[in-house]
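1. could you work out the structure for the sequence below:
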Amino acid sequence: MHSNSQYLIGMAGVFVAAILWGTTGTAATFAPELGPLAIGAVAMGVGGLLQALIAIKKIKDDWKTIGANWNYLAIGALAVVIYPLAFYASMHLAGVAVGTVISIGSAPLFSAIIELKVDKQPLSRQWGIGALVGMIGMVLLSIAESTSNHSSGGEYALTGIILGLLAGITYALYSWSARKMMQQGVSSKAAMGVTFGTGGVLLMPILFMTGGSLLDSWTNVGVGIYMALVPMFIGYVCYGIGLARIKASTATTITLIEPVIAALLAVTLIGEQLLVMGWVGIVLIILCLIIITLPAGFFYKFGRRPTTSSEFL
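-> Residues are numbered from 1 along each chain as shown. Predicted structure coming up:
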């Protein structure tokens, strides 16, 4: 079991990543002519290549171990390719609020299912309570944003919701596969670098096909650079630090803070309105984060004690 200091470092890394990811929606509004596929490809593709670049030495050092775990690399890289395309397309078709809540809100559930079914890791009561509170908050925030800003996916809403679920599954998959590589002896930097670097290479053809408008203005260029460098590159470096120290299901639950940041930026910078229901949702999400970041086994003070270490977060 990780020491408390390592656990806190892991939590902090994921928090910082989620905050940076929460800025992507606001950044994208400054380049409305960029399509969702182009935004996804430039953000995750270029950001992934940068991660591979800074991790090249670690990747070489761990290459034998990476090769021995090629199945995790293949799963993670494919998920990295699909995730941004599904995520941004979901927001485009179903609306930013609904697309975000489905994509980000479903990821902790998929992560938990993967860990439960594949790794046979039982879920703790603490995680369950926190995740439930957080997802209720996500739903309230989504409804409030959709209502107050009259956003609607129209006839394409169902497609957007399906794409959001696909984004949630792939987000959970690359988080799980990267952590599995780390558990097999691959360093955090190498695991994230090779996973996102491979995914970035595979995203390049999509960027070339869809990113023609990227060079149409300096604003578009600036948005593209920001998306690739800050939320995707720096954000996923921080996320890798977190994944090396905490479970994937815990990490994906912490990232429920992302839509909170997105909503607050939309209200303060873009001038969107948020109903009382939305603020209640934000409070519940913050409460979720407090619950899951409390010391492991906290809730057992009010019930039975855990009988095995696997019952802790």
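
2. all contacts plus neighbour counts: C-alpha atoms, from now on.
-> Fine.

3. how about low-confidence regions in the stretch 201-313 of the chain?
-> 270, 272, 293-313 (pLDDT under 70).

4. can you give me the strands for it?
-> Using DSSP state E, counting those that start in this stretch, no strands are assigned anywhere in the stretch 201-313 of the chain.

5. C288 is in contact with Q126, correct?
-> No: taking Cα atoms under 8 Å as the definition, Q126 is not a contact partner of C288, at 9.9 Å.

6. between the two, which one's more packed in?
-> Shown here are Q126 and C288; by other Cα atoms under 10 Å, C288 has more neighbours (27 against 22).

7. could you pull up the residues touching that one?
-> I129, G130, A131, L132, V133, G134 (Cα atoms under 8 Å, 6 or more residues apart in numbering).

8. now those residues: which count as buried?
-> G130, A131, V133, G134 (16 or more other Cα atoms under 10 Å).

9. now, the most widely separated pair of the contacts of C288?
-> Spanning the widest gap among these are I129 and G134, at 8.6 Å by Cα to Cα.

10. and the strands in the stretch 1-150 of the chain?
-> Under DSSP E, counting those that start in this stretch, the stretch 1-150 of the chain gives no strands.

11. quick one, helices of it?
-> Assigned by DSSP state H, counting those that start in this stretch, the helices in the stretch 1-150 of the chain fall at 4-21, 24-28, 36-40, 47-54, 56-61, 63-68, 70-94, 96-117, 125-148.

12. could those helices be laid out in a markdown table, adding mean pLDDT and distance to M227?
-> Listed next are those as a markdown table, based on pLDDT from 0 to 100; distance: least, Cα to Cα, whole Å:
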| stretch | mean pLDDT | distance to M227 |
| --- | --- | --- |
| helix 4-21 | 89 | 9 |
| helix 24-28 | 80 | 7 |
| helix 36-40 | 88 | 8 |
| helix 47-54 | 93 | 8 |
| helix 56-61 | 94 | 22 |
| helix 63-68 | 94 | 28 |
| helix 70-94 | 91 | 12 |
| helix 96-117 | 79 | 17 |
| helix 125-148 | 77 | 23 |
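
13. could you dump the ones you listed into CSV and include distance to F208?
-> Converted to CSV, the helices of the stretch 1-150 of the chain look like this (distance: least, Cα to Cα, whole Å):
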stretch, distance to F208
helix 4-21, 24
helix 24-28, 19
helix 36-40, 9
helix 47-54, 15
helix 56-61, 24
helix 63-68, 29
helix 70-94, 14
helix 96-117, 25
helix 125-148, 33
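
14. looking at these, which is nearest to I225?
-> helix 47-54 (9.1 Å).

15. flag every buried residue along that closest one.
-> For helix 47-54, by 16+ other Cα under 10 Å, it's G47, G48, L49, L50, Q51, A52.

16. can you check stretch 59-76 too?
-> I59, D62, T65, I66, N69, Y72, L73, A74, I75, G76.

17. please name the residues that touch the closest residue to the first one other than its chain neighbours.
-> In this case it means I59. Spatial nearest neighbour of I59, chain neighbours left out: A190 (4.7 Å); criterion: Cα to Cα, 6 or more residues apart in numbering. Counting by Cα under 8 Å, 6+ apart, A190 makes contact with A52, A55, I56, K58, I59, D62.

18. can I get these in CSV including distance to G13?
-> Converted to CSV, those look like this (distance: Cα to Cα, whole Å):
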residue, distance to G13
A52, 19
A55, 18
I56, 21
K58, 20
I59, 21
D62, 23
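
19. quick one: distance of stretch 255-269 to the chain centre.
-> 14 Å (Cα atoms, centre = their mean, to the nearest Å).

20. start and end of it, how far apart?
-> Distance across stretch 255-269, first residue to last, is 21 Å (Cα to Cα, to the nearest Å).
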